[in-house]
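Trainee: Mind folding the following:
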Amino acid sequence: MGLVVQKYGGSSVADAEGIKRVAKRIVEAKKNGHQVVVVVSAMGDTTDELIDLAEQVSPMPAGREFDMLLTAGERISMALLAMAIKNLGHEAQSFTGSQAGVITDSVHNKARIIDVTPGRIRTALDEGNIAIVAGFQGVSQDKKDITTLGRGGSDTTAVALAAALDAEVCEIYTDVDGVFTADPRVVTKAKKIDWISFEDMLELAASGSKVLLHRCVEYARRYNIPIHVRSSFSGLQGTWVSSEPIEQGDKPVEQAIISGVAHDTSEAKVTVVGVPDKPGEAAVIFRTIADAEINIDMIVQNVSAASTGLTDISFTLPKAEGRKAIDALEKNKAGIGFDSLRYDDQIGKISLVGAGMKTNPGVTADFFTALSDAGVNIELISTSEIRISVVTRADDVPEAVRAVHSAFGLDSDSDEAVVYGGTGR
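Mentor: Numbering: from 1, shown residues only. Below you'll find the model as predicted:
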């Protein structure tokens, strides 16, 4: 048996009983002959509670100290889990991200992994121990400060360790039975996907699917690490994410035409009104946004009015970055030359994802027909070879998702999807 990396989310270790249940599953993997490395998130809502506490103390906490605070949640989880495993008669050692060799850049609150040097983890495994690693954190390469990896950081930690240790698989344990064709909290008849390619999973993740986040999947694709997404609350097979289809029975699982419908209500829309329609204007706008370290998603430029020679440019971005984007654009108003700015945080994005759509005519027409029949108005449109995304009113998102899901025959005829922990993550 080979080496397995397991990651458990906050809902899986939300309380003492959850930690003991997870410990039993880890020990079972060890008994089956695997070397086991476990990456663990903070318990339940611990991270959110620490963020709230920090904001009560300081409205703008320093990045270094904020990271030092937030990493406490994972350290609590790893120590308690190691204790629970020892009570079951097996040796376990817990490690912080820095002790595990997770090296990052120096950007606090959203650091990126540069390298992983898991010497201490390898030593623990060679001694027959189970290694427990605090997810979501690392240490900066230059200043040796503690850093956090941002949203989905524990998943990324797990995949990075799996790559560094040459693991057979990275198992991501959550509170749903795998990746579904839509969010089970919105579409109760969503189907569990048995296998999905890295490419389709990347599009779903980028479009708002929260079971796996984009950085984690991109890292897995780069190093070709198979991911098995499954529930820590059941013993069911989950969803395999890999470059090649897995085999079930005598034949491999076939790629579906449509993999799923994702949605995202965490974005806002900025419209730059009255931009001179001449070369270089868009470059100045988006250089301003880039200099403010803001990631953008969809972009649409209207046709300029012949009488004025002016156009409007709209783009979407995370709501949390909205105020910063507006401030940055206002500061550079003279350099850009626009008339005004509009900000709208009551939008939602719906995306249809599937590698089969590039060879199946009519998918686009069926998608827009479903939205039309549901009475959903479209504000922005963006496409790739395997994805169609639209922006609508936030209030229309649930109905739009259900309408598109049904229109493409994705509804399950069997039991409703279960969210064991209540979060879908």
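
Trainee: how much space between Val284 and Leu341?
Mentor: Val284 sits 14 Å away from Leu341 when distances are taken as C-beta to C-beta, to the nearest Å. No exception for glycine: its C-beta is placed from N, CA and C like everyone else's.

Trainee: whoops, Asp15 was the one
Mentor: 46 Å.

Trainee: Of the two, which one has the most company?
Mentor: Each of Asp15 and Leu341 has its neighbours counted (other C-beta atoms under 10 Å); Leu341 has more, 15 against 10.

Trainee: List the contacts of the more buried one.
Mentor: Counting by C-beta atoms under 8 Å, 6 or more residues apart in numbering, Leu341 touches 270-273, 326, 329-330.

Trainee: which SSE is Leu341 in?
Mentor: strand 340-344 (DSSP states H and E).

Trainee: buried sites along that strand?
Mentor: By 16 or more other C-beta atoms under 10 Å, the buried positions in strand 340-344 come out as Asp344.

Trainee: model confidence over it, on average?
Mentor: For strand 340-344, mean pLDDT is 96.

Trainee: chain center to it, what's the gap?
Mentor: 28 Å (C-alpha atoms, centre = their mean, to the nearest Å).

Trainee: I'd like the numbering to begin with 9 instead of 1 from here.
Mentor: Let's use 9 as the start, then, which means that last one is strand 348-352.

Trainee: Neighbouring strands - and their directions - for it?
Mentor: strand 275-284 (antiparallel) (DSSP bridges).

Trainee: Identify all contacting residues around the partner strand.
Mentor: Here strand 275-284 has contacts from 289-290, 293, 305, 316-327, 330, 333-334, 337, 344-353, 355-357, 387-388, 399, using C-beta under 8 Å, 6+ apart.

Trainee: quick one, what contacts the residue nearest to Thr165 when sequence neighbours are not counted?
Mentor: Leaving out its chain neighbours, the residue that sits closest to Thr165 by C-beta to C-beta, 6 or more residues apart in numbering is Gly143, at 4.3 Å. By C-beta under 8 Å, 6+ apart, Gly143 lies in contact with 15, 47-49, 82, 105, 161-163, 165-166.

Trainee: Could you tell me which of these belong to strands?
Mentor: 15, 47-48 (DSSP state E).

Trainee: can you put those in JSON lines and add distance to Ser392, neighbour count and pLDDT?
Mentor: JSON lines is the format used below for those (distance: C-beta to C-beta, whole Å; neighbours: other C-beta atoms under 10 Å; pLDDT from 0 to 100):
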{"residue": "Lys15", "distance to Ser392": "28", "neighbour count": "29", "pLDDT": "97"}
{"residue": "Val47", "distance to Ser392": "31", "neighbour count": "33", "pLDDT": "98"}
{"residue": "Val48", "distance to Ser392": "35", "neighbour count": "35", "pLDDT": "97"}
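
Trainee: quick one, helices of the stretch 9-158 of the chain?
Mentor: 24-39, 54-65, 71-78, 80-95, 127-134 (DSSP state H, counting those that start in this stretch).

Trainee: Revised request: answer the last question for the stretch 259-408 of the chain.
Mentor: Ranges of helices in the stretch 259-408 of the chain, per DSSP H, counting those that start in this stretch, are 289-299, 330-339, 341-344, 371-381, 405-415.
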